[in-house]
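**Q** only geometry, no sequence info:
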């Protein structure tokens with residue numbers, strides 16, 4: 001008769017499993033790091049494009065505001081000229 005140091009029924013339990021999903025267990029570390037680096041590069045590029053677009057919108061808004069100010073200044077000068085000449 002074999003002497004077992006484990007409690008009865010212990011042999012029926014499954015061995016503990018790691019918490020990693022099966023898909024990640026099969027991939028190598030380099031593959032995962034390459035994918036992570038690609039994702040970071042994409043995020044960086046998207047942020048640059050978003051900032052570039054925002055700066056373009058800001059530039060257009062500033063140009064429009066400058067045009068309005070210049071037109072208002074011309075109108076005010078013409079009114080002053082009309083008041084002085086009459």
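**A** Nice, thanks for sending it over. All of these numbers come straight from a predicted model, not from anything done at the bench. Residues are numbered from 1 along each chain as shown.
**Q** does residue 59 belong to a helix or a strand, and which?
**A** In this structure, residue 59 sits in helix 29-85 according to DSSP states H and E.
**Q** Check the average confidence over that helix, would you?
**A** Averaged across helix 29-85, the pLDDT comes to 95.
**Q** any idea how far that helix is from the chain center?
**A** 19 Å (Cα atoms, centre = their mean, to the nearest Å).
**Q** That helix - contacts with which helices or strands?
**A** Contacting helix 29-85 under the criterion 3 or more Cβ pairs under 8 Å, 6 or more residues apart in numbering; DSSP states H and E is no other helix or strand. Just so you know, the C-beta spots here come from the backbone N, C-alpha and C atoms, and that holds for glycine as well.
**Q** Roughly how far does residue 79 sit from residue 20?
**A** To residue 20, residue 79 is 76 Å away according to Cβ to Cβ, to the nearest Å.
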